[in-house]
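1. quick one: sequence and predicted model below, then my questions.
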Amino acid sequence: MFFSHNVLSLQLVGNYGKMLTLNLIRHAKTNQVSPSGNDFDRTLLDKGVSQANILGNYLRTHHIFPGKIICSSATRTQQTCSIICQHLVEQCSYTFSKKLYLSSHKQILEVIESHGKGEATVTIIGHNEGISELASYLSGEFIHLRTSEMISLTFPFESWDHLIRGTGVIIFQYRPEVFLPLPVASKE
């Protein structure tokens, strides 16, 4: 677990009044190939299911409100979203977007601007490299999100249209650690 708290940055952001919060989540651990052969159809591994459950529980127990969730329509991101929302039944409002599938950071920003109107908090569940590029772009730091990793940023703005490079303050970054037992070899 990694937390990044920059007290000076939090104080500066706090002086602006209304703030926006953007949570970025990379989908949980997946199979390398799907039965259909299409990347879009890849499903979560057992480790991915565990990661998503732990992340959902973390959000619930730490009272982290996801706001409006905008999720890639790929199978693995939908599964990640569904599992997380099982822990946040009363707080989950989500929509799926094909535009988030393997998108660039600029395309993700466009989705946020169009779907986030009127929302103070938006959560994106997506894919690398775009989601890590967006976190890096907005924070001004190099960030590479691993599977099921989440980063939360705040912005001293009232509209998602104002997001530009380096304006986000990292509130926290979290990744569930999952260690599954190795399969037992059969004795034949």
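-> All right, it came through fine. Note that the structure is predicted; figures quoted are calculated from it, not measured.

2. if I look at the closest residue to residue 96 other than its chain neighbours, what pLDDT would I see?
-> Leaving aside its chain neighbours, residue 96 sits nearest to residue 73 (4.2 Å; criterion: C-beta to C-beta, 6 or more residues apart in numbering). Backbone N, C-alpha and C define where each C-beta goes, glycine included. We have a pLDDT of 95 for residue 73.

3. please name the bridge partners of the spatially most central residue of the chain.
-> Nearest to the centroid of the C-alpha atoms of the chain, with distances taken as C-alpha atoms, centre = their mean, sits residue 25, at 1.3 Å. With DSSP bridges as the criterion, residue 25 is bridged to residue 125, residue 150.

4. about what we covered before: tell me who's in contact with the residue nearest to residue 96.
-> Residues in contact with residue 73 (C-beta atoms under 8 Å, 6 or more residues apart in numbering) are 96, 97, 98, 100, 101.

5. the longest helix seen in the chain packs against which elements?
-> Secondary structure of the chain per DSSP state H: the longest helix is helix 46-61. Applying 3 or more C-beta pairs under 8 Å, 6 or more residues apart in numbering; DSSP states H and E, we find helix 46-61 packed against helix 75-86.

6. what's the first helix or strand after the helix it packs on?
-> Next in sequence after helix 75-86, counting helices and strands by DSSP states H and E, comes strand 93-97.

7. residues in contact with that following strand: which ones?
-> Under C-beta under 8 Å, 6+ apart, the answer for strand 93-97 is 67, 68, 69, 70, 71, 72, 73, 78, 81, 85, 111, 115.
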